[in-house]
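*Asks:* The following comprises the amino acid sequence and a computationally predicted model.
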There are 2 protein chains.
Amino acid sequence: MKLTNEHAAEIFSQLGHAIRLCIIRILVETGEQGLKVGEIQKELNIPGSTLSHHLLHLKNAGLIHQYRVSNTLVCSVQYAKLDEAIHYLQSECCVRENTKKAG
Amino acid sequence: MKLTNEHAAEIFSQLGHAIRLCIIRILVETGEQGLKVGEIQKELNIPGSTLSHHLLHLKNAGLIHQYRVSNTLVCSVQYAKLDEAIHYLQSECCVRENTKKAG
DNA sequence: ATTAAATTTCTATATTACTAGAATAATGGT
DNA sequence: ACCATTATTCTAGTAATATAGAAATTTAAT
């Protein structure tokens, strides 16, 4: 459950790209029902192959989930992984901030 | 105060590297008084030029601050920027998570 | 079987990032 | 002035990532 340094770096590096961050935001707005790849593409207006590449990255990092509905592929955000990223920053990187507030 | 998409991506991309994430963690452990570049180098055991390069990245992203004490350069983490990153993830990327909990 | 739609994979190119040795700059002591 | 220490900048080689057109794959409909 707790992220290793390497794993956290991998997640942040995937979030560290404007297009991928956009994808995450769009999927968060959409919610749990998810969004088809084609609809993400319409919003972003980028070539399919480029989008596909970024989606693969996000999937490999565990940040999104994909399932097929006949012809189309539906993507949804994996909140658990985002939470892990948030908790990593809060616990590993902001210890001093907490003690500062406490003391 | 609120991060743009591009700015957030830039911060995450800087956090998205194992060495830089280590530097941040070391500086967080150290606290506000900061740590000399040479001491960071001892902990990481990497060439100075490599470290210097990563520190420059972190500084440009606003994640660390540096000040000179005679011969040495002291680095400290910029908690405000880390907070911005956390808040970005919480507010921009976990809206649905919040409403899920609420409803 | 043919066609259409959705998406990926292949392929190539371009761009950016990482690494680290060598040279340089800045500071302080003798 | 000279030397030692600290850290950066220069330089270059290597590796990783991004982009996107073209071809291929998957699924369904006729």
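*Replies:* Right, received. Where do you want to start?
*Asks:* quick one: contacts for the residue positioned nearest the centre of chain A?
*Replies:* When Cα atoms, centre = their mean is applied to chain A, the residue found nearest the centroid is residue A:63 (3.8 Å). Residue A:63 makes contact with A:11, A:14-15, A:24, A:77-78, A:81-82, according to Cβ atoms under 8 Å, 6 or more residues apart in numbering or on different chains. C-beta: built from backbone N, CA, C; applies to glycine.
*Asks:* again, 7 Å this time
*Replies:* Counting by Cβ atoms under 7 Å, 6 or more residues apart in numbering or on different chains, residue A:63 touches A:11, A:14, A:24, A:77-78, A:81-82.
*Asks:* quick one: which of the residues you listed sit in helices?
*Replies:* A:11, A:14, A:24, A:81-82 (DSSP state H).
*Asks:* so is the residue of chain A found nearest DNA strand D in a helix, a strand, or just coil?
*Replies:* Residue nearest to DNA strand D within chain A (Cβ to the nearest atom of the strand): residue A:49, separated by 3.1 Å. When classified by DSSP: H, G, I helix; E, B strand; the rest coil, residue A:49 comes out as helix.
*Asks:* May I ask which helix or strand encompasses the residue in chain A that DNA strand C sits nearest to?
*Replies:* Residue of chain A nearest DNA strand C, by Cβ to the nearest atom of the strand: residue A:38 (2.5 Å). Element membership for residue A:38 (DSSP states H and E) is helix A:37-44.
*Asks:* same for that helix, what does it pack against?
*Replies:* When contacts are defined as 3 or more Cβ pairs under 7 Å, 6 or more residues apart in numbering or on different chains; DSSP states H and E, helix A:37-44 sits against helix A:18-30, helix A:48-60, strand A:72-77.
*Asks:* would TSV of these with mean neighbour count and mean pLDDT be doable?
*Replies:* Listed next are the helices and strands packed on helix A:37-44 as TSV, based on neighbours: other Cβ atoms under 10 Å in any protein chain shown; pLDDT from 0 to 100:
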stretch	mean neighbour count	mean pLDDT
helix A:18-30	19	96
helix A:48-60	15	98
strand A:72-77	18	97
